[in-house]
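# based on what follows, work out the 3D shape:
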Amino acid sequence: MDRANRNSSAVFWVRHVVRAMTAEGLDMPALMRAAGIDPAVLDDPDGRVPSDKVSALWTLAVQRSGNPAIGLSAASKAGPGGFDLVGYAMMSVPDLRGVLERICRYVRIVSDVADMEVVETDGGVGVTLDLRVIALSVPWQRYAYDFMVLLTFCRWVLARDLRPAWFEMAAPAETDLFFHERMFGCPIRPLSTRYALFFSPADAALSLPTANSVLSQFHDSLVEEKMKRLGLSQIGVRVRDEIVRHLAEGEPRRPMIARLLGMSDRTLRRRLEDEGTSFGQLLDEARRDLAAHYVSRADLSLGEIAYLLGFNNQSSFFRAWKRWFDVPPRHFRTNLLKKCEIGIVR
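I've put the predicted structure just below:
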């Protein structure tokens, strides 16, 4: 998936949102066009819709309906298909906590602007959701809908009326949340600085009737393959590309690269850890590979190379080079040029 298609939501998710709003009596083809979304995109099973346009759609729907709880009723009746292939991976884990962990792991298929994380407090196990702002603000109703769909899935897979411990959200102070409390079946904590749904430790440990370790591995492999196909995996490759692109501007920092990739610094760190690497390791490897290339070029001085690699001074570059290649860069260059002169290196 190229850069133009990042910061987007999957069509299968947008399709469910459109159905929920249609159930509210809204003219969704007209609203989609007003939000800059071609209704025909809903027919593309692998299509993606820019997240800003999805937020614009939510904003228009709230304005046209005048309903602050728009979508909740439909979300509470949503079937397991709302998560597409990710739903199968969520179904085959051992317990409710595993469901939360799987959606956090694979949420990029649903929306690659979504940052989800399992969190624990003294009173519960929860999951947070952050839809990173790209250009437009994200209506809080979009968060409420997303969490209701997740809760409905959890209720379905457990085959019970699961009631969370509490729900945190950043709704305006004057909002009447009676309907939200009835639908979620738990206290709502408004004016929060985050969006998070918490369950009791006992509920988080509830076993899934659909748990199956063999199917779990199979479904995980299918989801991982789809992530590769959509360009949503191997974040390390994308990070390295950005590092190389910005090295000459000075040593790039992880928060800056995270912003360029449209994610939070915390999310980038976690995704790199999932791939068994780190930002520091990728930075070091990118510098090492570029250094070997630059030193082979007689038209670049060592000072210029240090600058191109983002080092503050030549001393830092020399120390790094000695660590990489165990010889000073001048000796390396001299030996390389001698080999070139006698035809060993072409």
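
# any regions of this protein where pLDDT drops low?
1-6, 132-136, 232-234, 262, 336-346 (pLDDT under 70).

# where do the strands sit along it?
For the chain, strands defined by DSSP state E occupy the ranges 8-10, 48-50, 114-121, 124-131, 166-168, 188-189, 195-199.

# neighbouring strands for the shortest one, and are they parallel or not?
Same thing as strand 188-189. Paired strands of strand 188-189, with direction, are strand 166-168 (parallel) (DSSP bridges).

# which residues are contacting the strand it pairs with?
With contact meaning Cβ atoms under 8 Å, 6 or more residues apart in numbering, strand 166-168 is reached by 124, 147, 180, 184, 186-189, 192, 194-198. Every C-beta, even on glycine, is put in place using the N, C-alpha and C of the backbone.

# closest to Lys226 out of the residues you listed?
Phe147 (23.6 Å; Cβ to Cβ).

# so that closest one sits right up against Tyr195, yeah?
Yes - using Cβ atoms under 8 Å, Phe147 is in contact with Tyr195, at 6.9 Å.

# name the residues contacting each of those two.
In contact with both Phe147 and Tyr195: Leu129, Met169, using Cβ under 8 Å, 6+ apart.

# distance of Val223 from Phe279?
Val223 sits 25 Å away from Phe279, going by Cβ to Cβ, to the nearest Å.

# kindly apply the preceding question to Leu208 instead.
35 Å.

# one more: Val118?
22 Å.

# for the stretch 51-200 of the chain, what spans make up the helices?
Assigned by DSSP state H, counting those that start in this stretch, the stretch 51-200 of the chain shows helices spanning 51-65, 72-75, 85-91, 96-110, 140-158, 178-184.

# of those, which is nearest His293?
Here helix 96-110 is closest among the helices of the stretch 51-200 of the chain (Cβ to Cβ), at 32.4 Å.

# ok and the closest one relative to strand 114-121, angle-wise?
With axes from the mean of the first three to the mean of the last three Cα atoms, to 10 degrees as the basis, helix 96-110 and strand 114-121 are set at 160 degrees to each other.

# grab the CA positions of helix 96-110 and hand them over as PDB.
Taking Å, rounded to 0.1, in the frame of the first residue of the first chain, the C-alpha atoms of helix 96-110 are listed here in PDB:
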ATOM      1  CA  LEU A  96     -11.500 -12.400  26.700                       C
ATOM      2  CA  ARG A  97      -8.100 -10.800  27.400                       C
ATOM      3  CA  GLY A  98      -6.800 -12.600  24.300                       C
ATOM      4  CA  VAL A  99      -9.600 -11.000  22.200                       C
ATOM      5  CA  LEU A 100      -8.500  -7.600  23.400                       C
ATOM      6  CA  GLU A 101      -4.800  -8.500  22.600                       C
ATOM      7  CA  ARG A 102      -5.700  -9.700  19.100                       C
ATOM      8  CA  ILE A 103      -7.600  -6.600  18.100                       C
ATOM      9  CA  CYS A 104      -4.700  -4.500  19.400                       C
ATOM     10  CA  ARG A 105      -2.300  -6.600  17.400                       C
ATOM     11  CA  TYR A 106      -4.300  -6.500  14.100                       C
ATOM     12  CA  VAL A 107      -6.200  -3.200  14.300                       C
ATOM     13  CA  ARG A 108      -4.100  -1.900  11.500                       C
ATOM     14  CA  ILE A 109      -6.200  -3.900   9.100                       C
ATOM     15  CA  VAL A 110      -9.400  -2.200  10.300                       C
END
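
# so it versus helix 140-158, what angle?
Using the same axes, to 10 degrees: helix 96-110 against helix 140-158 is 130 degrees.

# mind giving me the packing neighbours of helix 96-110?
When contacts are defined as 3 or more Cβ pairs under 8 Å, 6 or more residues apart in numbering; DSSP states H and E, helix 96-110 packs onto strand 8-10, helix 85-91, strand 114-121, strand 124-131, helix 140-158, helix 201-204, helix 213-229.

# give me the angle between that helix and strand 195-199.
On the basis of the same axes, to 10 degrees, helix 96-110 is oriented at 150 degrees to strand 195-199.

# so what touches helix 96-110?
So helix 96-110 is contacted by 9-10, 13, 83-86, 89-91, 93, 114-118, 125-127, 150, 153-154, 157-158, 162, 199, 203-206, 208, 223, 226-227, 230, 232, 274 (Cβ under 8 Å, 6+ apart).

# what about Asp146, distance to Asp130?
Counting by Cβ to Cβ, the gap from Asp146 to Asp130 is 11 Å.

# repeat for His293
His293 is 39 Å from Asp130, by Cβ to Cβ.

# between the two, who's got more neighbours?
Under the criterion of other Cβ atoms under 10 Å, the comparison of His293 against Asp130 puts Asp130 first, with 19 against 10.
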